[in-house]
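In: let me see the structure of the following:
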Amino acid sequence: MNMETERLILRPWCEDDAESLFAFAKNPAVGPIAGWPSHTSVENSREIIRNVLAVNETYAVCLKTDNKAIGSIGLMIGTQSNLDLPETEGEVGYWIGVPFWGMGLIPEATKELIRHAFVDLNLETLWCGYFEGNAISKRVQENCGFVYHHTNKDIYWKMMDDIRTEHITRLTRKEWEQKR
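Out: Have a look, this model is predicted:
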């Protein structure tokens, strides 16, 4: 399934995206702050597409002008989430390559994913998180209507083999409908 916004196409990942993914995911400013290690090669990116990104409700974020992957956005529903959610709730995760920071593209993609989650998938609540120090992600969540819910301090983050503090935000369908 593809979704479109004014400037973006959100589409399923494919192995042909490996070079574009690596071009952005190798930058240490991207992955570690989002909770995953920087990619080490095009083949590493191809494996991540196969094993992580090529799943239901995870989308390559692409500019309409060339349809090349410049970031990723996904919805982990119920037990797919790290947050131990019921099947009526989902967790939103996203990132975008550094050259595209500050352009409002991830808020644009997130707002479309929120619409999809509440209208097409009939979910009741969406959750999102950001790690301590990730002010950009915090602003995206606030811009998209998410409201601070709680903080998980000193959690072990397996993908990075470190200890982190994660701030969790929430948006209910009712809140989203009232803000539309």
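
In: what separates the nearest residue to residue 138 once chain neighbours are set aside from residue 123, distance-wise?
Out: With sequence-adjacent residues excluded and distances taken as C-beta to C-beta, 6 or more residues apart in numbering, residue 138 is closest to residue 130, at 5.1 Å. (Glycine included, C-beta is placed from N, CA and C.) Distance of residue 130 to residue 123, computed by C-beta to C-beta, to the nearest Å: 20 Å.

In: note down every partner strand of whichever strand or helix holds residue 11 and its orientation.
Out: Element membership of residue 11, judged by DSSP states H and E, is strand 8-12. Partners of strand 8-12 in the sheet, by DSSP bridges, are strand 3-4 (antiparallel), strand 58-63 (antiparallel).

In: quick one, which of these gets closest to residue 114.
Out: Closest to residue 114 of these, according to C-beta to C-beta: strand 3-4, at 11.1 Å.

In: what does the closest one rub up against?
Out: 9, 10, 11, 59, 64, 112, 113, 116 (C-beta atoms under 8 Å, 6 or more residues apart in numbering).

In: can you list those in a markdown table and add distance to residue 180?
Out: A markdown table is the format used below for the contacts of strand 3-4 (distance: C-beta to C-beta, whole Å):
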| residue | distance to residue 180 |
| --- | --- |
| 9 | 23 |
| 10 | 19 |
| 11 | 25 |
| 59 | 22 |
| 64 | 24 |
| 112 | 13 |
| 113 | 15 |
| 116 | 14 |
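
In: following the lengthiest helix in the chain, which helix or strand shows up next?
Out: If you go by DSSP state H, the chain has its longest helix at helix 105-115. Sequence order places strand 125-131 as the next helix or strand after helix 105-115, per DSSP H and E.

In: give me the angle between that next one and helix 105-115.
Out: Counting by axes from the mean of the first three to the mean of the last three C-alpha atoms, to 10 degrees, strand 125-131 lies at 150 degrees to helix 105-115.

In: I'd like the next helix or strand past strand 125-131.
Out: Assigned by DSSP H and E, the successor of strand 125-131 is helix 135-143.

In: can you give me the buried ones in that next one?
Out: Going by neighbour count (16 or more other C-beta atoms under 10 Å), the buried part of helix 135-143 is 137, 138, 140, 141.
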